[in-house]
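Peer 1: Give me a model of this one.
(one chain, ligands or ions: 1)
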Amino acid sequence: MHYLFIEPAQKKNKIEKEIYGNFSEHLGRCIYGGVFVGEGSDIPNENGMRKDAVEALREMKLPVLRWPGGCFADEYHWRDGIGEKSGRKKMINTHWGGVTEDNSFGTHEFFELCRQIGCEPYVNGNVGSGSVQEMSEWIEYMTFNGVSPMAELREKNGRKDPWDLKYFCVGNENWGCGGNMRPEFYADQYRRYATFCRNYGGNKLFKIACGPNAADYEWTEVLMREAKNYMNGLSLHYYTVTGDWQNKGSATEFTLDDWYTTLYKTLAMETIISTHEGIMNRYDPEKKVALVVDEWGTWFDVEPGTNPGFLYQQNTMRDALVAGINLNIFNEHSGRVKMANIAQLANVLQSVILTEGDRLVKTPTYYVFKMFARHQGAELLASVMDQCEIGPDGQKIPDVTHSASMGEDGKVFVTLNNLSPVEDNEVQIALGGKKIAEAEGTVLAADYNAYNTFDEPDCVKEAEFKAYTLNDGVLTVKLPKASVLALTLTLA
Ligand code: AHR
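Peer 2: From the prediction side, this is the model:
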């Protein structure tokens, strides 16, 4: 039995809804086929956007979507993606399979997708191969409300009013695919590019600088030292790679040892965030600069028979636990972490949806996002739980992780992950100074390697949770092995 104690009177900070964001890149079938099929497609669509995908993402309450990359962002020239589609310039997507990009999905289409989903757009600019002028004019094109060359061009392309754009990142992985820069050089480049990303009218940009790769603490140190006054956020990328980059292992064929390795490596997110936070706290004790984890998730070998450059992988209960662990970690660090974006939205890496022709599958990761949605905008509560260590020597992990928040309605929301692939776990939940009057929730539980396919899309599915008892205001829940639980508690 585990004991979880939640203090409803101790509200720590708001959990920004953007922590539940996604990332979409011009990579494989993420945009093309995943969410965008074009107006002429037989697949039901509205203005080219798949209706099934939009409906699923709305239901999941997707709050923010990052685009157009990723590595693609630093070779993307936005002018190629506007105007008459037949006249749009084609390019080679050199990072991702060397395929031809026809630019039929561009700025207008991205804002239309966000409109349909009802989410905030998050645009990533090009530092690696783009100019200051190009970036500056993209901002003008998207947000200027008045008479200007870019506003006129936008109107000529069918959009009179500017869009609202808050989140803008100045380059992507500029320590790698975005230009192989040293942190000192990038910090200066960031300051220069960001200067010309103007706030027009009422539009106020939240400018994000390219942050570190995983445990590259030197990058954070330099960026905070040299550029903190010019940024609202600093990004962080950390992927869960079970093997090594040459042999990452299969997404679906794995042993129990692989299970533990994957979750062990996922839990490193806690140390990575805490250490970057420590550096940021030294330069920015008032927490003015957000940590934005705008790429995270599992990275396995591609599904056999698929294009290696397309990064298409399946998604099992192991991925669900990776999502649950990371989202609880982000909640716990939400004093500093203000946004996170799982990679990627559809058909690439740890996706929430997979598509094949006109069929769409919701992955186990999808259900975790949907189940955790009540944390969006809620107040993080102080809480503590005992844990047992499980797993092989050298990669011990806790058996249960959790997070608790309070919504505006005064209800307490608890998310729990059972990391054991073989054992159920019981958790007794008590609140400081309050009794629990009612509980309801949903659970995602299945064999540790279970997943959904196009022929069997409902093998793993959120279900009503009934395995609990409520005695004198204290709740005892039984977590099935390899499961994720979301509970809403009404206080007496
Ligand atoms: O998500 C796939 C790639 O991973 C992104 O393009 C890049 O930013 C990261 O290395």
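Peer 1: quick one, what contacts the residue in the stretch 151-300 of the chain that the ligand sits nearest to?
Peer 2: Closest contact between the stretch 151-300 of the chain and the ligand, by CB to the nearest ligand atom, is at Glu173 (4.6 Å). C-betas here are computed from N, CA, C, even on glycine. Glu173 sits next to 71, 74, 210, 213, 237 when contact means CB atoms under 8 Å, 6 or more residues apart in numbering.
Peer 1: and the stretch 101-250 of the chain, which residues reach the ligand?
Peer 2: Of all the residues in the stretch 101-250 of the chain, those in contact range of the ligand (CB under 6 Å from any ligand atom) are 172-173.
Peer 1: hang on, the earlier thing: tell me how far the residue of the stretch 151-300 of the chain closest to the ligand lies from Gly97.
Peer 2: To Gly97, Glu173 is 18 Å away according to CB to CB, to the nearest Å.
Peer 1: Could you do Asn13 as well?
Peer 2: From Asn13 to Gly97 the distance is 42 Å (CB to CB).
Peer 1: May I have the phi/psi pair for Arg6?
Peer 2: Careful, residue 6 is Ile; it's not Arg. phi -120, psi 140 (degrees, to the nearest 10).
Peer 1: Quickly list what it is bridged to.
Peer 2: Judged by DSSP bridges, the bridge partners of Ile6 are Ser383, Leu431.
Peer 1: Is the residue in the stretch 301-450 of the chain that the ligand sits nearest to bridged to anything, and to what?
Peer 2: In the stretch 301-450 of the chain, the residue found nearest to the ligand is Ala343; the distance is 4.1 Å by CB to the nearest ligand atom. The partner list for Ala343 in beta bridges (DSSP bridges) reads Phe23.
Peer 1: please renumber so the chain begins at 39
Peer 2: OK, 39 is where the count begins now, so the last one is Ala381.
Peer 1: Test my guess that it contacts Val331.
Peer 2: No: using CB atoms under 8 Å, Ala381 is not in contact with Val331, being 10.3 Å away.
Peer 1: On the C-terminal side of the host helix or strand of Met377, identify the next helix or strand.
Peer 2: In the assignment (DSSP states H and E), Met377 maps to strand 375-381. Proceeding N to C from strand 375-381, the next assigned helix or strand is strand 391-394, under DSSP H and E.
Peer 1: Just say helix, strand or coil for the residue lying closest to Tyr302 once chain neighbours are set aside.
Peer 2: Of all residues not flanking Tyr302 in the chain, Gln433 sits nearest, at 3.9 Å (CB to CB, 6 or more residues apart in numbering). Following DSSP: H, G, I helix; E, B strand; the rest coil, we place Gln433 in the coil state.
Peer 1: quick one, what contacts Gln433?
Peer 2: Going by CB under 8 Å, 6+ apart, Gln433 touches 298-299, 302.
Peer 1: could I get those as TSV with pLDDT, distance to Cys207 and neighbour count?
Peer 2: What follows is these, written out as TSV (pLDDT from 0 to 100; distance: CB to CB, whole Å; neighbours: other CB atoms under 10 Å):
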residue	pLDDT	distance to Cys207	neighbour count
Tyr298	98	34	21
Thr299	98	31	22
Tyr302	98	30	18
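Peer 1: Which of the residues you listed fall within strands?
Peer 2: Using DSSP state E, no member of those sits in strands.
Peer 1: Include distance to the ligand when you put these into TSV, please.
Peer 2: Shown next, in TSV, are these (distance: CB to the nearest ligand atom, whole Å):
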residue	distance to the ligand
Tyr298	25
Thr299	20
Tyr302	21
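Peer 1: Phe503: which of those residues is nearest?
Peer 2: Tyr298 (25.5 Å; CB to CB).
Peer 1: correct me, but that closest one touches Glu427?
Peer 2: No: using CB under 8 Å, Tyr298 is not in contact with Glu427, being 10.8 Å away.
Peer 1: Give me the common contacts of the two.
Peer 2: By CB under 8 Å, 6+ apart, Tyr298 and Glu427 have these common neighbours: Ile435.
Peer 1: so Thr290 is in which element?
Peer 2: Using DSSP H and E, Thr290 sits within no helix or strand.
Peer 1: Could I get the pLDDT score of it?
Peer 2: At Thr290, the model reports a pLDDT of 98.
Peer 1: next one: Gly196
Peer 2: As predicted, Gly196 sits at a pLDDT of 97.
Peer 1: Spit out the contact partners of the residue nearest to it when sequence neighbours are not counted.
Peer 2: Nearest in space to Gly196, with sequence neighbours left out and distances taken as CB to CB, 6+ apart, is His146 at 7.0 Å. Under the criterion of CB under 8 Å, 6+ apart, the neighbours of His146 are 120, 195-197.
Peer 1: Can I take it that His146 is in a strand?
Peer 2: No: His146 is assigned helix when assessed by three-state DSSP, not a strand.
Peer 1: do you know how far it is from the ligand?
Peer 2: As judged by CB to the nearest ligand atom, to the nearest Å, His146 and the ligand stand 23 Å apart.
Peer 1: same question, Ala94
Peer 2: Taking CB to the nearest ligand atom, one finds Ala94 at 21 Å from the ligand.
Peer 1: Could you write out the alpha-carbon coordinates of the helix or strand that residue falls within in PDB?
Peer 2: Following DSSP H and E, one finds Ala94 within helix 89-97. Output in PDB follows, covering the C-alpha atoms of helix 89-97 (Å, rounded to 0.1, in the frame of the first residue of the first chain):
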ATOM      1  CA  LYS A  89     -12.000  16.200 -40.000                       C
ATOM      2  CA  ASP A  90     -11.200  13.100 -38.000                       C
ATOM      3  CA  ALA A  91      -7.900  14.500 -36.900                       C
ATOM      4  CA  VAL A  92      -9.300  17.900 -35.900                       C
ATOM      5  CA  GLU A  93     -12.100  16.300 -34.000                       C
ATOM      6  CA  ALA A  94      -9.700  14.000 -32.100                       C
ATOM      7  CA  LEU A  95      -7.400  16.900 -31.200                       C
ATOM      8  CA  ARG A  96     -10.300  19.100 -30.100                       C
ATOM      9  CA  GLU A  97     -11.500  16.300 -27.900                       C
END
